Each structure stands twice: as C-alpha cells, then as structure tokens.
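Trainee: Here is my input, please return the structure:
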Amino acid sequence: MRAIALTCALLASVPAYATLEGRDLDTSIPGHEAVYDTARNVTWLADPTASGRVTFADGQAFAENLTIGGFTGWRMADGRGEISNLYFDWMAAGYAQRGDEFPYNREGIDAGLDSRLFKVKPFGPSFWTFETQQVGDQVWHYDIVFFYEFIDSGTSSYCCHLGWAVHDGDIGIAVQVPEPATYVLTLVGLLAVVGWRSRRS
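Mentor: Model prediction:
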C-alpha cells in the first residue's frame, strides 16, 4: 500500500509539457532546433534569444530570412497572441488542487515558457509584439516582458527587444526527448525491487 502511495506521489510531481514536442530541423546538428506546439499548431525556434536584441524591423527580417535545415517561411511571433499563451500554459501548470483551493507552486514546473525543450528560458528578456498604437504620424510597437505588462516601446526603428521566430504548422522530425516520467517510473521500479528483496530477506 505504501508503494502505491509513493508511486502516486512521484507521478503527481512529474512536470507536464504535453502540448510541446521537440523537432529536429537539421540532422547534422545534435539535438533539436525547434519545438512544436500541438495546442496552437505552430513550431517555435527552440532558442527564443537567437535574434539578439534588435529593432522591430530587424526582428521581422531575422525571422523572415531564417533558414534551418532547408526550412524557410518563418515569421516573428506575436507576443500578445502567441508568446503570452506559453506564459499562461506555464501558469496553469503551476496550480495544484488541494481540496477546494488551487495554490500556486512555481517550483519544478516544466511547461509553457519554462519547458526544458526551449534552449534558453525566456523569463526576463523582452519580446516584440504586434500590438501597436498610432502616435502622431508614427506607429509605435509594444513589447512584452515577463512578468510585466505590455510596455510602449517605440517605432519600428526603436532598439532593442527580442524577435522570437515561429513557423506555422508542424515542421521537422519528431525527436524523443527523455521525459521526466521515464526517470520516475524507473525509480519506482527500483524501489519496488528493493522492497521485494527486503521482504524476502
């Protein structure tokens, strides 16, 4: 009975990022270069910081000119409509029901923005969005900073924020990234064997 309780406790602590899957775009490079988002049917560049801190116009140019393993057709992600969804995925994964309460626990969450599938954690950096405001004869773009609200940044030539590249649809080859559940189940199996041998002795 204690073994069952332990198994349940361990499985309950397994991080979840079921909507994200690794994608290999260039087999000559070890690992995965992209992350497919099954919930929104887009493929993210695995490194959110690859563009460097750039102007809005340069962020667009970076994405539109990006080619990895022959894959073209990238665009700059919409911060408000897409990047923010990854943030909410991470937030939602951090809530655990205990009775009638839903306390938030940020530690050990492997989902959304905090998924280990992304090569760099995007917390802290600011990203360009397509949210705009007309200021006189100029169009100002907003950026998003986690954990802050949208900030009025400047025109297309204003510097500098990140332009995260994303591709519509599912591209690349699915890669098997070892999931935390694999390690948990292995540990549970070892504990079961140890317990069985202890009882026999």
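Trainee: now for the longest strand along the chain, which elements pack on it?
Mentor: Longest strand of the chain, by residue count under DSSP state E: strand 126-135. Packed against strand 126-135, as judged by 3 or more CB pairs under 8 Å, 6 or more residues apart in numbering; DSSP states H and E, are the following elements: strand 138-145, strand 150-154, strand 161-162. Just so you know, the C-beta spots here come from the backbone N, C-alpha and C atoms, and that holds for glycine as well.
Trainee: what's the least confident stretch among those strands?
Mentor: If you rank the helices and strands packed on strand 126-135 by mean pLDDT, strand 150-154 sits at the bottom with a mean of 60.
Trainee: picking up where we left off before, as PDB, could you dump the C-alpha coordinates of the longest strand of the chain?
Mentor: Extracted C-alpha coordinates of strand 126-135, given in PDB (Å, rounded to 0.1, in the frame of the first residue of the first chain):
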ATOM      1  CA  SER A 126      11.500  41.500 -23.500                       C
ATOM      2  CA  PHE A 127       9.900  40.400 -26.800                       C
ATOM      3  CA  TRP A 128       8.400  42.500 -29.600                       C
ATOM      4  CA  THR A 129       4.600  42.200 -30.100                       C
ATOM      5  CA  PHE A 130       2.400  43.300 -33.000                       C
ATOM      6  CA  GLU A 131       0.300  45.400 -30.600                       C
ATOM      7  CA  THR A 132       0.500  48.900 -32.000                       C
ATOM      8  CA  GLN A 133      -0.600  52.400 -31.300                       C
ATOM      9  CA  GLN A 134      -0.700  55.400 -33.600                       C
ATOM     10  CA  VAL A 135       1.300  58.300 -32.200                       C
END
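Trainee: Contacts for that strand next, please.
Mentor: Strand 126-135 has contacts (CB atoms under 8 Å, 6 or more residues apart in numbering) with 48, 56, 59, 76-81, 83, 139-145, 150-153, 161-164.
Trainee: switch to 6 Å and redo it
Mentor: Strand 126-135 is contacted by residues 56, 59, 78-80, 83, 139-145, 161-164 when judged by CB atoms under 6 Å, 6 or more residues apart in numbering.
Trainee: Can you select the buried ones among these for me in PyMOL?
Mentor: Remark: buried members of the contacts of strand 126-135, expressed as a PyMOL selection using 16 or more other CB atoms under 10 Å:
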select buried, resi 56+59+78+79+83+140+141+142+143+144+145+161+162+163+164
